[in-house]
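# below are the sequence and a predicted model; questions follow.
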There are 2 protein chains.
Amino acid sequence: MRIGDLAKATGVDIETIRYYEKAGLLPEPGREANGYRTYRQEHLERLAFIRHCRALDMPLESIRRLLDFVAHPEAECGDINRLIDAQLARVQARLNSLRALESQLVALRAQCGENHSAQECGILHELVAAAHGEACACHSTD
Amino acid sequence: MRIGDLAKATGVDIETIRYYEKAGLLPEPGREANGYRTYRQEHLERLAFIRHCRALDMPLESIRRLLDFVAHPEAECGDINRLIDAQLARVQARLNSLRALESQLVALRAQCGENHSAQECGILHELVAAAHGEACACHSTD
DNA sequence: CTTGACCCCGGAGCGGCTCCAGGGTTTCCA
DNA sequence: TGGAAACCCTGGAGCCGCTCCGGGGTCAAG
Ligand SMILES: [Zn+2]
Ligand SMILES: [Zn+2]
Ligand SMILES: [Zn+2]
Ligand SMILES: [Zn+2]
């Protein structure tokens, strides 16, 4: 399998595959006489694993550590839990802030109905007022 | 007001303030004889405006355009609406994917209860299985 | 013999900061 | 008066996870 085949099989961009190799996530592939990379089934599985973890938004460093566990199956799995927990915590924190953000944006959007000049625009007014600190907790000074 | 005072007053890092200046978001401050930047009330307000928009997760480019409206209050406000709408759409898209992500992570986390070796760990098993494509839509090949 | 598809490499660019080295200035206290 | 601490300056590199670029080599079909 050449890199283009692997890319097609997994839906991962060629450049990204090379990047994962440089980053030490994907083991070095074999080389044809002309220098082209050649991959085997294990590379495909490894790459799918990486993409699955990336789809869970894990940083590459976490994936690296998970791959260590795959390579050393006798190790205790406590760190795996902690890793997932940390990831979940990140996601939930981001969810919370995005939810707050969404309602702020919805409220903001409601300030402008019809087309008019910027100086009469409720959105701009609200943004300026909030920046002055009136009823604005989001960019707190603490 | 020197840069440190502005930083303290707004809770924004000094380096970030200088970065905003370089990025053309904050107007060039005055300078003391020794080259130190000096800021006035308008800078403080401007910076607060920027931070408020950043708290709404707007990209700097959008903020630049909002600032253009502040500077040209006679312009039509239609673009302001579109800007907020686009931002809201981004946030909602991210919310949706994060919600899916959260439930996946929760399900994943449930696969491991007690401490054991990595090869028996349900989390690792699930990750590997999902990477193989069994019941996994997240890293689709299309 | 050329066209096009594929592959190689090293390096730059993205956003939004953050940090660093290497310097100058000011302020405070002994 | 001296010296340390706290502040300020600049330009440039580093972070993440790619993505794109230039400049080249390789190989099969028409
Ligand atoms: Zn997947
Ligand atoms: Zn309006
Ligand atoms: Zn705010
Ligand atoms: Zn386990």
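That came through, no problem. Ligands and ions are numbered 1, 2, ... in the order given.

# my read: A:His43 touches A:Pro29, true?
Yes - with contact defined as C-beta atoms under 8 Å, A:His43 and A:Pro29 form a contacting pair (6.2 Å). C-betas here are computed from N, CA, C, even on glycine.

# before we move on, what's the pLDDT of the closest residue to A:Tyr36 other than its chain neighbours?
Nearest residue to A:Tyr36, sequence neighbours excluded (C-beta to C-beta, 6 or more residues apart in numbering or on different chains): A:Arg2, at 5.7 Å. The per-residue pLDDT reported for A:Arg2 equals 97.

# tell me how far A:Arg2 lies from A:Ala33.
13 Å (C-beta to C-beta, to the nearest Å).

# quickly list what's touching both of those two.
Counting by C-beta atoms under 8 Å, 6 or more residues apart in numbering or on different chains, A:Arg2 and A:Ala33 have no common neighbour.

# who's more crowded, the two?
More crowded of A:Arg2 and A:Ala33, by other C-beta atoms under 10 Å in any protein chain shown: A:Arg2, with 14 against 5.

# contacting residues around that one?
A:Arg2 is in contact with A:32, A:36-39, counting by C-beta under 8 Å, 6+ apart.

# pLDDT-wise, which helix or strand of chain A ranks last?
One helix or strand of chain A scores below all others by mean pLDDT, DSSP states H and E: helix A:122-131, with a mean of 88.

# now for that helix, which elements pack on it?
When contacts are defined as 3 or more C-beta pairs under 8 Å, 6 or more residues apart in numbering or on different chains; DSSP states H and E, helix A:122-131 packs onto helix A:78-109, helix B:41-55, helix B:60-71, helix B:78-109.

# ok, the residue in chain A that DNA strand C sits nearest to to A:His125 distance?
Nearest to DNA strand C in chain A, going by C-beta to the nearest atom of the strand, is A:Gly4, at a distance of 2.6 Å. With distances taken as C-beta to C-beta, A:Gly4 is found 55 Å from A:His125.

# for the residue positioned nearest the centre of chain A, which non-adjacent residue is spatially closest?
Against the mean C-alpha coordinate of chain A, by C-alpha atoms, centre = their mean, the closest residue is A:Asp57 at 4.0 Å. Nearest non-adjacent residue to A:Asp57, counting by C-beta to C-beta, 6+ apart: B:Leu101, 6.0 Å away.

# filter the contacts of A:Arg2 down to the buried ones, PyMOL style.
A single PyMOL command selects the buried members of the contacts of A:Arg2 (16 or more other C-beta atoms under 10 Å in any protein chain shown):
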select buried, chain A and resi 37+39
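
# can you put the contacts of A:Arg2 in a markdown table and add secondary structure and distance to DNA strand D?
Shown next, in a markdown table, are the contacts of A:Arg2 (DSSP: H, G, I helix; E, B strand; the rest coil; distance: C-beta to the nearest atom of the strand, whole Å):
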| residue | secondary structure | distance to DNA strand D |
| --- | --- | --- |
| A:Glu32 | coil | 7 |
| A:Tyr36 | coil | 8 |
| A:Arg37 | strand | 12 |
| A:Thr38 | strand | 13 |
| A:Tyr39 | coil | 17 |
